[in-house]
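[1] Generate coordinates for the sequence data below:
(one chain, ligands or ions: 1)
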Amino acid sequence: MTIRYQKKLIFLFFIMSILVTGCSIGKSKVIESGKTLSMYIATDIHYLADSIHDNGKAYQNFSLLGDGRMVQYVDDIVNAFGYDIKINKPDILILSGDLTTNGEKASHLKLAEKLEEIEKSTGTRIYVIPGNHDIDNPWARGFQGTERYKTPSVNASEFEKIYKDFGYDEAISKDKDSLSYLAAPSKDVRLLMLDTCEYQLNPKTGTPVTNGEIRESTLEWIRKCCKEAQEKNIRIVTVMHHNLYDHSPRIHYGFTLDNSEEVEKVFRENNLDLVLSGHVHIQDIKSKEESGKRIYEITTASLIMYPIQYGVLKYNPVTGFDYSTSQVDVDTWAREKGIEDNTLMDFMSYSKLFLADNTYRKVYTALTKTGLYTEDEKEAMAETMSLLNVNYLKGTTGSIKDAIVCSKGYKLWIKAGETEDLEHLRSYFLSMIPSNDTTNNSLHIN
Ligand SMILES: [Fe+2]
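    Presented below is the predicted three-dimensional model:
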């Protein structure tokens, strides 16, 4: 071998070693076995890009008509959340669907840009799945002046392409019939990211279909994913937009999977005992035990509603999983950025008032329409409903149950059953009162 040829070989080896090391330094590097993991879970961000609204009348009206979502502050909330991530640097960030308001392509692209910036500056691995609002949404709209106008949505393959760096390119297995995938960020824990949406029905219905299911072929793929993980003694965390269990006696049709019983059976057979979901916009933990096996499901509250909350899931190879909740620190982010806006600098108080007011106004208007109540009575009923709703979303109704039951508003709501017009509101009111003192903001799984 000539010296020249030897030099060439050394050079080639050098280049190859850089390439190989480069690959392992990137996000594809798997976290070693035996290490603790920290995961943030945020859901139902319903992001709306600034580029498709002018802050005009149509947009203002839209932002006030919702269920208490702070659409007008979504950009600030996402930026502040990114700041939380930069400070705390969790290993993983999971976004469990409804990434956008109504699947606008502009919103997806802008959100993906923000996620890329977060991932690059923190090293936090990001994984997303779609929610029912994200794909082929016929309601995708922009806002200009007093008008709403149609804006493009994305189809399933565009979604996968936009979020290729946030799960899809890194997947170790993909389902052929949905946007579900399996990710292996760590040697101990895998993420089963399930696409439970039925966007293929949207063009026919003309709406973002609320219901969800997991098809038989996807269940078969799940079985295969679990078999391999079990053989290697790897834990799997399941993530989906729709719910496995009913999280409200009233709000469950369209929220709980249409074939939840069948899905639960597959989950149980395959030891999928921890499910993280969203969609219902309330903080809630449910679990069911059968033959000594318990499945836990945690629905995390929407990030853009009070209390601007996300889940923190910690995995310890010795002690197991610990879930808790945390709130986006918008106030500190605003101060650090030098943003002199009184609302942003006291954002938690604002968001609580925004939701409380939203509920109060709707209830007060409905009560006024019946013509049955005095001013004092309307105020008492609206106030009690508002207090209950604020705590319901936060998952803390247990702590105010006694105060609610003793209130004047409660007694009036109980009697309101005699009025047909109020049946809908009354049953929502009663559905929020917890039957036991279970906590919805923390959980330990051994
Ligand atoms: Fe949803």
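
[2] C-alpha from now on. contacts and neighbour counts both.
    OK.

[3] Now do the contacts for the closest residue in space to residue 52 that isn't next to it in sequence.
    Excluding the flanking residues, the one nearest residue 52 by Cα to Cα, 6 or more residues apart in numbering is residue 142, at 4.7 Å. Contact analysis of residue 142 by Cα atoms under 8 Å, 6 or more residues apart in numbering lists 52, 53, 148, 149, 150, 151.

[4] Just the CA atoms of stretch 315-324, as PDB, please.
    Below are the C-alpha coordinates for stretch 315-324, written out as PDB (Å, rounded to 0.1, in the frame of the first residue of the first chain):
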ATOM      1  CA  TYR A 315     -39.800   8.900  34.600                       C
ATOM      2  CA  ASN A 316     -37.400   7.300  37.100                       C
ATOM      3  CA  PRO A 317     -36.200   3.800  36.300                       C
ATOM      4  CA  VAL A 318     -36.500   2.800  40.000                       C
ATOM      5  CA  THR A 319     -39.600   4.600  41.200                       C
ATOM      6  CA  GLY A 320     -41.700   4.900  38.000                       C
ATOM      7  CA  PHE A 321     -43.700   7.800  36.600                       C
ATOM      8  CA  ASP A 322     -44.700  11.000  38.400                       C
ATOM      9  CA  TYR A 323     -47.100  13.400  36.800                       C
ATOM     10  CA  SER A 324     -47.800  16.900  38.000                       C
END
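
[5] Any idea how far that stretch is from the middle of the chain?
    21 Å (Cα atoms, centre = their mean, to the nearest Å).

[6] Strands along the stretch 1-150 of the chain, start to end?
    37-42, 92-96, 125-129, 141-144, 147-150 (DSSP state E, counting those that start in this stretch).

[7] these two touch, right, residue 174 and residue 183?
    No: if you go by Cα atoms under 8 Å, residue 174 and residue 183 don't touch, sitting 9.1 Å apart.

[8] Mutual contacts of these two, please.
    With Cα under 8 Å, 6+ apart, residue 174 and residue 183 have no common neighbours.

[9] Any stretches of the protein with poor pLDDT?
    Low-confidence segments of the chain, defined by pLDDT under 70: 1-28, 418-420.

[10] let's see 50
    Confidence mapping of the chain against pLDDT under 50 gives the ranges 1, 9-26.

[11] Kindly provide the distance from the residue nearest to residue 52 to residue 58.
    Going from residue 142 to residue 58 by Cα to Cα, to the nearest Å gives 9 Å.

[12] overlap in contacts of those two?
    Contacts common to residue 142 and residue 58, judged by Cα under 8 Å, 6+ apart, are residue 148.

[13] What segments of the stretch 251-400 of the chain are helices?
    260-269, 330-336, 342-345, 347-370, 375-394 (DSSP state H, counting those that start in this stretch).

[14] Any chance of these in JSON lines with mean neighbour count and distance to residue 282 as columns?
    Putting the helices of the stretch 251-400 of the chain into JSON lines (neighbours: other Cα atoms under 10 Å; distance: least, Cα to Cα, whole Å) gives the following:
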{"stretch": "helix 260-269", "mean neighbour count": "16", "distance to residue 282": "19"}
{"stretch": "helix 330-336", "mean neighbour count": "18", "distance to residue 282": "20"}
{"stretch": "helix 342-345", "mean neighbour count": "16", "distance to residue 282": "23"}
{"stretch": "helix 347-370", "mean neighbour count": "18", "distance to residue 282": "13"}
{"stretch": "helix 375-394", "mean neighbour count": "21", "distance to residue 282": "4"}
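
[15] How is the chain divided into domains?
    26-335, 346-432 (automatic domain parsing).

[16] Give me whichever of those domains is most buried.
    Across those, the average number of neighbours (mean count of other Cα atoms under 10 Å) peaks for domain 26-335, which reaches a mean of 20.
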